[in-house]
Each structure stands twice: as C-alpha cells, then as structure tokens.
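Student: Sequence and computational prediction follow.
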Amino acid sequence: MEEMRLTAYESSKLYKEKVKLYHDLKIRQKDFRVGQSVLLFNSRMKLFPSKLRSKWSGPFLIKEVKSHGAIKLQDSASQRSWVVNGQRVKPYLGSDVEQLTIIINLSDA
C-alpha cells in the first residue's frame, strides 16, 4: 500500500508540473511603452450591472512604466494621471473614428 501511495504522489507531482508548464507557455507577455494608448479594465463591483456597459474604459496614454509592473496612466481629456496595476490594462488597437451622420428623409411618393 505504501508503495502505491508513493507512486501516486510522484505521478500527481509530474502531472502538476506538466500542466503548469503548459499554462505558462500560453501566457503572453505584455510589453508597454511610454506614449502607447491602452484600455483600463473597470473591476468595481456594481449592485445593478448593466449588460450593455463595457468593462473597459479609455483609451488612456501611458505616462510612465515602473519596473515592478505598475503603469502610470494619463487621461488626455482631463490631464489627470494615476498609477494602476499592469494586469488591468491592455493595448488599444483602434484609432479615432470619425462619426458620420446621415439623414435620410423618407416620403410617400
């Protein structure tokens, strides 16, 4: 019995190591640069969450990247800056889009 228990322990240890290696290979490193636009994840708990509200806000401009993973963001509209965890941001891939409004008059002709 003791031998079976020890082999089971070893096999579970090997399994955990393989799974950890697999998951670590799937993790993508995020490299942020000063001046890059990013989106910020809003993780606040809400009493009445709405389905149509996006959890990502922004875009914000990166003002400084700290060595321990913190990022200093700046809002371009209000010029306010604050420090957030680097895991809460993702790169903003979009660009400014012009809003075009088209008015179509429908008549009974």
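Tutor: Ah, there it is. Numbering: from 1, shown residues only.

Student: can you give me the strands for the chain?
Tutor: Listed in chain order, the strands of the chain (DSSP state E) span residues 37-41, 56-65, 70-74, 81-85, 89-91.

Student: among these, which is nearest His23?
Tutor: strand 89-91 (19.3 Å; CB to CB). The C-beta positions use only the backbone N, C-alpha and C, and glycine is treated the same way.

Student: elements contacting that closest one?
Tutor: strand 37-41 (3 or more CB pairs under 8 Å, 6 or more residues apart in numbering; DSSP states H and E).

Student: In JSON lines, list the strands of the chain along with mean pLDDT, mean neighbour count and distance to Asp24.
Tutor: Formatted as JSON lines, these follow (pLDDT from 0 to 100; neighbours: other CB atoms under 10 Å; distance: least, CB to CB, whole Å):
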{"stretch": "strand 37-41", "mean pLDDT": "92", "mean neighbour count": "18", "distance to Asp24": "22"}
{"stretch": "strand 56-65", "mean pLDDT": "90", "mean neighbour count": "16", "distance to Asp24": "23"}
{"stretch": "strand 70-74", "mean pLDDT": "94", "mean neighbour count": "17", "distance to Asp24": "22"}
{"stretch": "strand 81-85", "mean pLDDT": "92", "mean neighbour count": "13", "distance to Asp24": "20"}
{"stretch": "strand 89-91", "mean pLDDT": "90", "mean neighbour count": "16", "distance to Asp24": "20"}
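
Student: Tabulate those strands in JSON lines, adding columns for distance to Lys13.
Tutor: What follows is these, written out as JSON lines (distance: least, CB to CB, whole Å):
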{"stretch": "strand 37-41", "distance to Lys13": "35"}
{"stretch": "strand 56-65", "distance to Lys13": "37"}
{"stretch": "strand 70-74", "distance to Lys13": "35"}
{"stretch": "strand 81-85", "distance to Lys13": "32"}
{"stretch": "strand 89-91", "distance to Lys13": "35"}
